[in-house]
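1. requesting a structural model of the entry that follows:
(chains A, B, C and D)
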2 protein chains.
Amino acid sequence: MIMPGKPKPSRRSGCPLSISLELLGDRWSLLIIRDLMVRGFRTFKDFQNSGEGIATNILADRLDKLQAAGILNAEPEENDARRVNYCLTEKGIDLAPVLLELLLWAARHEQTSAPPAVVKKLANNRQQFLKEVRRRWRDRDATPLMPSFELNPITKRSKH
Amino acid sequence: MIMPGKPKPSRRSGCPLSISLELLGDRWSLLIIRDLMVRGFRTFKDFQNSGEGIATNILADRLDKLQAAGILNAEPEENDARRVNYCLTEKGIDLAPVLLELLLWAARHEQTSAPPAVVKKLANNRQQFLKEVRRRWRDRDATPLMPSFELNPITKRSKH
DNA sequence: GCGATCACTTGCATTTCGCAAGCGACTCTG
DNA sequence: CAGAGTCGCTTGCGAAATGCAAGTGATCGC
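-> Next comes the predicted model:
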């Protein structure tokens, strides 16, 4: 078992932004956190079928690293020993403002499939969004908070 | 000349977070933006000596991509034709909330060299920080807004 | 028992990265 | 106006990360 939150050695700089990017600066980590935070995903397979098509070896690697960073935990499910439930820690939940700002930035400046009404509501009620994320985790409420803004040019992978 | 803001082809998903990460999801892009935004850096060499040690080929590549994404512009300097001044666009300036939240997250959960007093002030006056970033750009004020929290394994700056 | 499910691992080809060196345009100095 | 220095990149190359397909072992439902 891995003990989270250890003060890893040799950072390239003490700048907090640099440290954030060492932990989260890649194409996948924050997407996994998004899936946990707003889509209610919990298992390896959930993430795998998340839409963007992460490779399983990369997914396993990122889950390890995020766990080592104390951002999420792996909890084996009681009723089914095959399954592992991944859960955000407090540190992971606390990334909600980061995800929110990234979402709002893209919604303002890029062509996304996020409905303007939803974006507007989020932009005007940031605190409420953060509270809701927190409540969902407290109540173990895994219903999707937001729809998957999928369905763009990328066609769904028909493998099943 | 490159026309920015074009709706690049073939995204892996229409999710705004996914789009943000395709543009910014790596270890270096947001550091360059940090240097532009709060350190007042403008030239290739500035970024190169920024402290984290980015390789010049990677730096050139990121500058290209960020320019192609409409996040910054390259402006040759009048008095010295060797120099190029890189400047944030409105789209780039608008990343300030993202940088701020990443900074605050790391300051809350990791051991950083950001002075607690500075962090506290930022956390309590987010709007003021954003306004200041905007003002600095409007007035072409390139004085460092924040000290470089540099010098690797978190040394206390006890003397001055 | 038997096939399906789940969470990974492994092997391998491709891409990206980090590092050092070099290059062309320009500027500064004597 | 020759030569040295500066600036913004390129190039080459070995190392690491990534993407893809296939496989593995434990577990579960029937």
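
2. contact partners for the spatially most central residue of chain A?
-> For chain A, the residue nearest the mean C-alpha position is A:Ile33 (1.1 Å; CA atoms, centre = their mean). Residues near A:Ile33 by CB atoms under 8 Å, 6 or more residues apart in numbering or on different chains: A:66, A:71-72, A:88, A:92, A:95, A:99. Using the backbone N, CA and C atoms, a C-beta is placed for each residue, glycine as well.

3. just the ones in helices from those residues, please.
-> Among the contacts of A:Ile33, DSSP state H puts A:66, A:92, A:99 in helices.

4. highest neighbour count among the residues you listed?
-> Counting neighbours by other CB atoms under 10 Å in any protein chain shown, A:Leu66 leads these with 27 neighbours.

5. circling back: make JSON lines out of the ones in helices among the contacts of A:Ile33 and add pLDDT and distance to DNA strand C.
-> Formatted as JSON lines, the ones in helices among the contacts of A:Ile33 follow (pLDDT from 0 to 100; distance: CB to the nearest atom of the strand, whole Å):
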{"residue": "A:Leu66", "pLDDT": "98", "distance to DNA strand C": "12"}
{"residue": "A:Gly92", "pLDDT": "98", "distance to DNA strand C": "16"}
{"residue": "A:Leu99", "pLDDT": "98", "distance to DNA strand C": "22"}
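
6. off-centre distance for stretch A:57-66?
-> Relative to its chain's centre, stretch A:57-66 lies at 13 Å (CA atoms, centre = their mean, to the nearest Å).

7. how about the strands in chain A?
-> Secondary structure of chain A (DSSP state E): strands at A:72-76, A:84-88.

8. contacts with chain B among the contacts of A:Ile33, please.
-> A:95, A:99 (CB under 8 Å from any CB of the partner chain).

9. that older thread, so which of the strands of chain A is the most packed in?
-> strand A:84-88 (a mean of 18; mean count of other CB atoms under 10 Å in any protein chain shown).

10. residue contacts, A:Glu132?
-> A:Glu132 sits in contact with A:Leu145, where contact means CB under 8 Å, 6+ apart.

11. distance check, it against DNA strand C.
-> Per CB to the nearest atom of the strand, to the nearest Å, A:Glu132 is found 25 Å from DNA strand C.

12. against A:Arg27, how distant is the nearest residue to A:Ala60 once chain neighbours are set aside?
-> Nearest residue to A:Ala60, sequence neighbours excluded (CB to CB, 6 or more residues apart in numbering or on different chains): A:Phe44, at 7.7 Å. Counting by CB to CB, to the nearest Å, the gap from A:Phe44 to A:Arg27 is 18 Å.

13. isn't A:Ser18 up against B:Trp28?
-> No: at 9.9 Å, A:Ser18 and B:Trp28 do not qualify as touching, with contact defined as CB atoms under 8 Å.
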